[in-house]
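In: what's the 3D shape of this:
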Amino acid sequence: MPKEVKWAFSFLVGAGLLWFGWRFYFALVALHVSVCLVLIGVILLQSGQAADIAGAFGGSGSQTAFGPRGAATFLSRATTWCAVMFMFTSMALAVHVRTTSGGAGRSILEQFSQPAPKSAAPAPVAPVQQAPAQPAAPPPAAPTPAPAK
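Out: Alright, predicted model coming up:
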């Protein structure tokens, strides 16, 4: 099977899963969780770049700048596909939540915070009437403290 046909088939399967998940939200969440678990498993199954005995002592087994480059294994290809599907499902979930909630989001703070109460229109203030002018009496003087002995 040619390489382009494999890519097209894989793209159609992924797009079909995302479309089905868009129609049924629980399926999109289940797909996202399963892709996450497979991605974790595939990453943990891979060996390190210098996993041989020479890697334990700092040798890389090759004179290249970034170490030996092996052929792409099944696990490295599975990691790539799972990472791509993880990103697509993450974006689909984010867009789905944004469009179904009317652009308001589903933040806990947005759901439970209450806006400040709107104050009623202020009562009209009556004009202040001035009392007839009277001389102000000085405040009573405080007793002076006794000198310290």
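In: residue ranges with poor pLDDT in this structure?
Out: 49-72, 101-108, 110-111, 114, 116-117, 120-124, 126, 128, 130-143, 149 (pLDDT under 70).
In: flag every buried residue along the longest helix seen in the chain.
Out: As assigned by DSSP state H, the longest helix anywhere in the chain is helix 74-100. Going by neighbour count (16 or more other Cβ atoms under 10 Å), the buried part of helix 74-100 is 78, 79, 82, 85, 88, 89, 92, 93, 96. Any C-beta I mention is one placed from the backbone N, CA and C, and that applies to glycine too.
In: same deal with stretch 31-39?
Out: Under 16+ other Cβ under 10 Å, the buried positions of stretch 31-39 are 31, 32, 35, 38, 39.
In: redo those residues as TSV? Include distance to residue 4 and secondary structure.
Out: Output for the buried residues of stretch 31-39, formatted as TSV (distance: Cβ to Cβ, whole Å; DSSP: H, G, I helix; E, B strand; the rest coil):
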residue	distance to residue 4	secondary structure
31	25	helix
32	28	helix
35	24	helix
38	25	helix
39	25	helix
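In: can you tell me which of those residues lies closest to residue 127?
Out: residue 32 (68.0 Å; Cβ to Cβ).
In: list the contacts of the nearest residue to the closest one once chain neighbours are set aside.
Out: In space, and not counting its chain neighbours, residue 32 is closest to residue 89: 4.1 Å by Cβ to Cβ, 6 or more residues apart in numbering. By Cβ atoms under 8 Å, 6 or more residues apart in numbering, the contact list for residue 89 reads 18, 21, 28, 31, 32, 35.
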